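Colleague: next one to model:
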Amino acid sequence: MIKVSDEVRTALDEGRPIVALETTLVAHGFPPGEGVAVGLESERRVREAGATPATIGVLDGEIRVGLDEQELGRFGATARKLGPRDVAAAVTQRAVGATTVGGTLAVARTVGLRFMGTGGIGGVHRGWTQRPDVSSDLGELARTQVVVVSSGAKSILDVPATAEALETLGVPTLGYRTDTLPLFYAAHGGPPVSARIESAREAAEIARAHWDLGGTGVLVGNPPAQSLDDVDGLIEQALAEAAREGVGGQGLTPFVLSWLHRESGGRTLEANRALVADNAGLAAEIARAIMQQ
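Modeller: Residues are numbered from 1 along each chain as shown. Alright, predicted model coming up:
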């Protein structure tokens, strides 16, 4: 059921650093045709930092751990969005399935991968007191010994509530050269992190100690280099438009991202491209640092 590429298998056998990457970003995070380029750039940044990329998705009745460019190109807008609950069905039904952060972590745990780079994790949605909606990303972080590097939680979420949920689940939030959890597009203004770190090596030391004490996931918040501090109003408008059109569930994030990219004149799209690649590179640096301990 799981097919590991030769490159990833060799890295596993030799104990070299590996960084898991998701495919939902490729299929649903960017305009048609652009996601593949972002995925390839993320892989390039992982290799540049001295690690092996392991992009994960479902193709032809198999979970693929490590994809070539042609395979990556099959993850278009019609690909199913796979959280942890959806992977088995996609395999059995031979669907093209793009794994979310949670779906990727579920596979990574099975294969033995401990590092991941992504854009932003899922979490507690706005309005959760009226309609409980919490991403399975949080549950997977709480059960997997992994370091996930992201620019905080997705900005469409209730970020303070997400930070509280991470604390409840025992997931450390480490701010990479920042005291607050990034707000995806914005570098500042989020809730306080549990600890500030200054280097990939410091992140590695904390993660190793956390795992030695029986802990599981560690979230590293990497502020975006291009901080957009004026998009919250646009996010509110996008969410209101989604509500008017009856968009919710797994379709909400792709809808809002598309709306933001259009209404911001492409500024959010440019920032999104950059932060995804930057986070993949930092995840690789942390992976290397742990392997060198």
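Colleague: can you pull out the strands in the stretch 151-293 of the chain?
Modeller: Ranges of strands within the stretch 151-293 of the chain are 173-176, 195-197, 218-221, based on DSSP state E, counting those that start in this stretch.
Colleague: which of the ones you listed sits most buried?
Modeller: Compared across the strands of the stretch 151-293 of the chain, strand 218-221 shows the largest average neighbour count, a mean of 27 (mean count of other CB atoms under 10 Å). Heads up, the C-betas are built off the backbone N, CA and C, glycines and all.
Colleague: mind listing what the closest residue to residue 259 other than its chain neighbours touches?
Modeller: Distances taken as CB to CB, 6 or more residues apart in numbering place residue 238 nearest to residue 259, at 4.1 Å, with adjacent residues excluded. If you count contacts by CB atoms under 8 Å, 6 or more residues apart in numbering, residue 238 has them with 156, 255, 256, 259, 260, 263.
Colleague: where's the second one relative to residue 247, distance?
Modeller: If I follow you right, that is residue 255. Note on residue 255: its distance to residue 247, by CB to CB, to the nearest Å, is 5 Å.
Colleague: same question for the third one.
Modeller: Relative to residue 247, residue 256 is positioned 8 Å away (criterion: CB to CB).
Colleague: lowest-confidence helix or strand of this structure?
Modeller: Counting by mean pLDDT, DSSP states H and E, the weakest-scoring helix or strand in the chain turns out to be helix 252-263, with a mean of 86.
Colleague: for it, packing partners?
Modeller: Packing partners of helix 252-263 (3 or more CB pairs under 8 Å, 6 or more residues apart in numbering; DSSP states H and E): helix 24-28, helix 232-244, helix 267-291.
Colleague: what about the residue nearest to residue 66 when sequence neighbours are not counted, neighbour count?
Modeller: Once flanking residues are discounted, residue 66 sits nearest to residue 5: 2.8 Å by CB to CB, 6+ apart. Counted with other CB atoms under 10 Å, the neighbours of residue 5 add up to 18.
Colleague: related to what we said a few turns ago, quick one, which of the helices and strands packed on helix 252-263 is packed in tightest?
Modeller: For the helices and strands packed on helix 252-263, the largest average neighbour count (mean count of other CB under 10 Å) is found in helix 24-28, namely a mean of 26.
Colleague: against which helices or strands is that one packed?
Modeller: Using 3+ CB pairs under 8 Å, 6+ apart, helix 24-28 sits against helix 35-48, strand 80-82, strand 97-99, helix 252-263.
Colleague: CA atoms only for the longest one, dumped as PDB, please.
Modeller: Listed next in PDB are the C-alpha coordinates belonging to helix 35-48 (Å, rounded to 0.1, in the frame of the first residue of the first chain):
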ATOM      1  CA  GLY A  35       1.400  24.500  -7.500                       C
ATOM      2  CA  VAL A  36       3.800  22.100  -9.200                       C
ATOM      3  CA  ALA A  37       6.400  24.900  -9.400                       C
ATOM      4  CA  VAL A  38       6.000  25.700  -5.700                       C
ATOM      5  CA  GLY A  39       6.400  22.000  -4.900                       C
ATOM      6  CA  LEU A  40       9.500  21.600  -7.000                       C
ATOM      7  CA  GLU A  41      11.000  24.800  -5.400                       C
ATOM      8  CA  SER A  42      10.300  23.400  -2.000                       C
ATOM      9  CA  GLU A  43      12.100  20.200  -2.900                       C
ATOM     10  CA  ARG A  44      15.000  22.200  -4.300                       C
ATOM     11  CA  ARG A  45      15.300  24.100  -1.000                       C
ATOM     12  CA  VAL A  46      15.300  20.900   1.000                       C
ATOM     13  CA  ARG A  47      18.100  19.500  -1.100                       C
ATOM     14  CA  GLU A  48      20.000  22.800  -1.000                       C
END
